[in-house]
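1. Next comes the sequence, and after it the predicted model I'd like to discuss.
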Amino acid sequence: MHPTTRSIKGNRVPVTPNQVSTYDHSGTLYPQRKVYGVGSLAFNNKSFPNFTDSRPSSRSNLSNPGTQQNVLPQSHATGIVPNEQTTATDEKTGCLPGDRVVFAESPSAPGVPIVYRLPEEKSANPDRLNLDRRRLTICPILEGEENLRLLNFQHNSIARIQHLSSLRRLIFLDLYDNRIEEISGLSTLSSLRVLMLGKNRISKIDNLNNLLKLDVLDLHGNQIKELENLNHLSELRVLNLAGNQLTKACNFLGLSSLTELNLRRNKIQYVGELDHLPKLLRLFLSYNDVRSFESIRCLGGSQSLQELALDGNPFTAEASYKQIVIDQMQCLRQLDLKKVTDDERRMASIVVRKEQEKKKECSKAQAMKERRRVAIQNAEKRWQEDNNINTGAAPSLNNGNPDNHTVSLGFESLSHYTEVETDTLRLYGAAALDGLDKNNTVSNVAAISHIYFKFIPYDSIVPHFPKLRVRFPALQGLTFSFSSISSLKQLSSLTAVRRLDFISLSPEGNPVTNFSLWKYYLLYRLSHFNLRKINEVDVSMTDTVLAEQLFSELGNVTLQQFDLSRILGLLPDVRRKQVLGHCDTLEQKKNISQRQTEDRRKLIIAAEQKNRPIGTESLNVSALVYNTVTRPKSAKPSDKVNIATSQILDEIVASAISRQNKLTALEKVWNSVLRDTVRAATNDFTCLSSTVDKALSQIQDT
């Protein structure tokens with residue numbers, strides 16, 4: 001620094017580096033005032049340390065831990081946090097005893113500290129300067145330190161990197177444990193090889209464009225969320241980003257010299273592009289959020305990676321985690337700080353093969369599950385179209401799950417599905433009925449005791465009823481859901497199944513369940529089945545009797561409308577022959593001519609009722625039939641009897657409903673009627689004489 005002079009009470013005093021002096025903010029020179037000792041230096045000639053993500057409280061290779069550090073009072077304006085203890089300075093040098101570095105305030109930049117070194121100290125360590133733990137809040141101006149190569153600012157409170165533009169020969173800069181929020185002020189340090197910025201407040205990697213010779217970059221313990229602006233650092237060998245906020249690790253292209261990468265203690269879920277780093281040897285991914293090997297699949301393509309740490313990730317909780325990693329990474333020599341042996345590698349290949357087979361099975365099961373979902377969804381959609389139902393929304397099978405989307409696996413056009421669950425055969429969609437005729441569709445048919453129909457029109461199921469008992473000999477029950485059963489007469493077709501223990505009709509998609517008497521009609525029509533349950537509710541004897549009372553008249557009236565040939569057609573062949581033989585015997589005894597058709601019809605009905613085997617349906621019940629063949633609209637009834645029959649059936653049904661309503665009303669008022677009657681009788685017996693007189697007077701009046 002060139003000699004300068006300042007005014008001290010009217011005198012001109014020269015100032016040189018040998019005379020350590022400072023200035024107050026008015027420009028007045030105070031010799032040997034505000035001098036702050038920093039401590040002696042003890043840099044060694046060892047190579048750069050192989051750092052990790054944790055730092056010691058002091059760097060033994062940069063400073064002497066035994067050096068006494070004494071600081072005189074000073075305001076924050078000079079960038080130094082003061083110590084309360086004060087000691088006398090050396091009268092010769094103006095330094096604290098044992099100290100070789102002096103702080104002063106800049107005359108041209110008030111508040112900015114300046115660092116000086118005595119000539120003997122500077123000559124002893126011309127390229128090293130340690131300002132560790134000096135309570136600095138501002139980077140000081142380093143006067144006459146253009147030849148510095150190693151500079152240490154550890155454990156201070158510096159918020160901004162500045163005043164380093166003159167240090168063009170600097171190769172090592174350590175700013176660990178400060179308060180830096182932005183990487184800046186390094187554009188002129190083109191020779192820098194090591195940059196230590198760990199434990200600061202940096203949120204973005206930036207302004208490293210001119211540091212092309214950078215060999216070590218330490219950014220651990222910051223607030224970085226994204227890897228960026230590193231692709232130009234082709235000579236970078238060591239990168240430490242531990243303890244940040246990264247969620248994915250990629251964008252490594254261009255780091256062709258990188259050998260060690262530390263990404264511990266982040267939130268990383270995905271790693272990519274590391275297979276493009278030809279010299280990467282060590283990777284530390286401990287304590288992140290890696291959940292499967294697929295998230296780090298790129299590591300399997302690395303031909304150089306030898307050491308890997310994944311401990312503390314969810315993926316490591318899998319039983320086969322270690323085997324999967326070892327099998328996929330053939331060059332790996334150390335996993336989670338443990339050496340990989342040849343036996344472990346052989347065992348890994350066996351375990352991985354088993355895992356792959358298991359995954360194939362899982363994939364197959366997933367495909368079948370998706371196939372089922374799509375087929376049932378399409379069956380529901382077709383059923384809605386056939387019934388002119390517009391839901392105005394997507395089909396209900398997704399259950400509101402946005403992730404349950406259709407995967408294009410080649411079965412989007414399926415509209416039917418068949419599955420077997422224990423003893424239940426489930427059929428979805430009308431096309432699934434075709435499987436009832438194929439022997440290879442349903443395995444173990446002898447064990448099927450329950451058939452479940454869904455999204456299949458009932459009229460499409462009816463033609464298959466006669467086959468069910470033959471095809472499934474153990475069949476006990478049927479369930480109909482979304483089957484469009486809308487009338488009582490449709491239920492008559494169930495007699496073709498010949499024997500059932502239970503029947504279920506879901507309210508969804510079956511309008512007939514809205515009728516209050518549908519269960520009683522079903523019990524009457526299938527009285528020979530002796531049903532045990534309807535819709536999972538036990539059938540009582542009272543229900544059976546009430547069903548007979550409600551609908552027996554309907555069966556009798558319907559049978560009266562049948563001619564002789566149709567009545568005979570209701571009987572099976574064996575019973576028909578038996579009834580006709582019995583009828584012929586009666587006719588011979590009573591001398592009835594066969595031409596008297598009406599009399600013969602009555603005889604046949606009487607004979608059938610008398611000789612009907614137990615467990616078979618009577619003629620008046622079998623007369624209630626359902627024909628699934630729809631007559632064209634243009635067709636006319638063959639005679640007027642059909643119209644009359646329809647009217648009579650409507651009247652009978654209305655009468656039965658009215659009777660049921662009356663019985664229900666009577667049950668509600670019966671208790672009160674009985675109570676009033678008993679009370680009136682009790683009053684009459686209490687006043688017997690007056691009651692007798694009143695009764696006699698009423699008789700005389702009449």
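-> Here it is on my side, so go on.
2. does the closest residue to S487 other than its chain neighbours sit in a helix, a strand or a coil?
-> In space, and not counting its chain neighbours, S487 is closest to V512: 6.3 Å by C-beta to C-beta, 6 or more residues apart in numbering. For the C-beta atoms, the positions are set from N, CA and C on the backbone; glycine is no exception. Secondary structure state of V512, per DSSP: H, G, I helix; E, B strand; the rest coil, is helix.
3. list the contacts for V512?
-> Residues in contact with V512 (C-beta atoms under 8 Å, 6 or more residues apart in numbering) are I485, S486, S487, L488, Q490, L491, L505, W518.
4. In TSV, list those along with distance to G272.
-> Listed next are the contacts of V512 as TSV, based on distance: C-beta to C-beta, whole Å:
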residue	distance to G272
I485	58
S486	60
S487	65
L488	67
Q490	62
L491	64
L505	57
W518	64
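5. So for stretch 323-330, what gets flagged as buried?
-> Q323, I324, V325, I326, D327, Q328, M329 (16 or more other C-beta atoms under 10 Å).
6. ditto for stretch 506-517
-> S506, G509, N510, V512, T513, L517.
7. Below-threshold pLDDT in the stretch 1-150 of the chain: ranges please.
-> Where the stretch 1-150 of the chain drops to pLDDT under 70, the residues are 1-99.
8. of all the buried residues of stretch 506-517, which two lie farthest apart?
-> G509 and L517 (20.0 Å; C-beta to C-beta).
9. The closest residue to I183 other than its chain neighbours: helix or strand, and which one exactly?
-> Distances taken as C-beta to C-beta, 6+ apart put N207 closest to I183, at 4.9 Å, once the chain neighbours are dropped. Assigned by DSSP states H and E, N207 falls within no helix or strand.
10. what's the burial count for N207?
-> Using other C-beta atoms under 10 Å, N207 has 15 neighbouring residues.
11. V445 now?
-> Neighbours of V445 (other C-beta under 10 Å): 16.
12. what are the ranges of the strands in the stretch 301-450 of the chain?
-> Counting by DSSP state E, counting those that start in this stretch, one finds strands in the stretch 301-450 of the chain at the ranges 307-309, 334-335, 338-339, 417-421, 424-428, 450-454.
13. With mean pLDDT and mean neighbour count as extra columns, can I get these in a markdown table?
-> Below are these laid out as a markdown table (pLDDT from 0 to 100; neighbours: other C-beta atoms under 10 Å):
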| stretch | mean pLDDT | mean neighbour count |
| --- | --- | --- |
| strand 307-309 | 92 | 20 |
| strand 334-335 | 88 | 16 |
| strand 338-339 | 87 | 10 |
| strand 417-421 | 88 | 17 |
| strand 424-428 | 92 | 22 |
| strand 450-454 | 93 | 21 |
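14. Name the SS class of L255, please.
-> coil.
15. That one reaches L227, doesn't it?
-> No. L255 lies out of contact with L227 (C-beta atoms under 8 Å); the separation is 10.2 Å.
16. Give me the more crowded residue out of these two.
-> Just comparing L255 and L227: by other C-beta under 10 Å the higher neighbour count belongs to L255, 25 against 19.
17. Residues in a beta bridge with I141, which ones?
-> I114 (DSSP bridges).
18. ok now do it, which residues does it touch?
-> Contacts of I141 (C-beta under 8 Å, 6+ apart): S106, A109, V112, P113, I114, V115, H163.
19. Now rank these by neighbours and give me the top one.
-> The most crowded member of the contacts of I141, judged by other C-beta under 10 Å, is P113 (25 neighbours).
20. Tell me the spacing between the residue lying closest to that one once chain neighbours are set aside and L526.
-> Distance criterion C-beta to C-beta, 6+ apart; nearest residue to P113, sequence neighbours excluded, is P140 at 4.1 Å. Distance, P140 to L526, by C-beta to C-beta, to the nearest Å: 102 Å.
21. L189 too?
-> L189 is 96 Å from L526, by C-beta to C-beta.
22. neighbour-wise, which of P140 and L526 wins?
-> P140 (25 against 22).
23. quick one, phi psi at that one?
-> phi -80, psi 160 (degrees, to the nearest 10).
24. didn't it look like it was pressed against G111?
-> No. The criterion here is C-beta under 8 Å, and P140 misses it with G111 at 11.0 Å.
25. Could I get the pLDDT score of R265?
-> As predicted, R265 sits at a pLDDT of 96.
26. I'd like the distance between it and N240.
-> From R265 across to N240, the span is 11 Å (C-beta to C-beta).
27. what's the answer for L517, then?
-> Taken as C-beta to C-beta, the span from L517 to N240 is 82 Å.
28. Next: A159.
-> For A159 relative to N240 (C-beta to C-beta), the value is 22 Å.
29. When the two are compared, which one has more neighbours?
-> N240 (24 against 17).
30. so what's the more buried one bridging to?
-> Going by DSSP bridges, N240 forms beta bridges with D218, N262.
31. For the closest residue to R333 other than its chain neighbours, grab the count of nearby residues.
-> Distance criterion C-beta to C-beta, 6+ apart; nearest residue to R333, sequence neighbours excluded, is Q306 at 4.5 Å. By the criterion of other C-beta under 10 Å, Q306 has 15 neighbours.
32. Tell me which residues touch Q306, please.
-> L281, R282, C331, L332, R333, Q334.
33. hmm, which two among the residues you listed are most spread apart?
-> Across those (C-beta to C-beta), the longest gap, 12.2 Å, separates R282 and C331.
34. Looking at these two, which is more packed in?
-> R282 (17 against 12).
35. didn't that one look like it was pressed against E260?
-> Yes. Counting by C-beta under 8 Å, E260 is a contact partner of R282 at 4.5 Å.
36. Restrict stretch 136-153 to CA atoms and write it as CSV.
-> Provided in CSV are the C-alpha atoms of stretch 136-153 (Å, rounded to 0.1, in the frame of the first residue of the first chain):
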residue,chain,number,x,y,z
LEU,A,136,-16.7,-12.0,10.7
THR,A,137,-19.9,-10.8,9.2
ILE,A,138,-18.2,-9.4,6.0
CYS,A,139,-15.4,-10.8,3.9
PRO,A,140,-12.4,-8.5,4.8
ILE,A,141,-10.1,-6.9,2.3
LEU,A,142,-6.9,-8.8,2.1
GLU,A,143,-4.2,-6.2,1.6
GLY,A,144,-1.1,-7.5,-0.2
GLU,A,145,-2.3,-11.1,-0.4
GLU,A,146,-2.4,-11.5,-4.2
ASN,A,147,-0.3,-14.7,-3.9
LEU,A,148,-2.7,-16.5,-1.6
ARG,A,149,-3.5,-20.1,-2.7
LEU,A,150,-5.4,-21.3,0.4
LEU,A,151,-7.9,-19.2,2.3
ASN,A,152,-10.1,-20.4,5.2
PHE,A,153,-13.2,-18.5,6.5
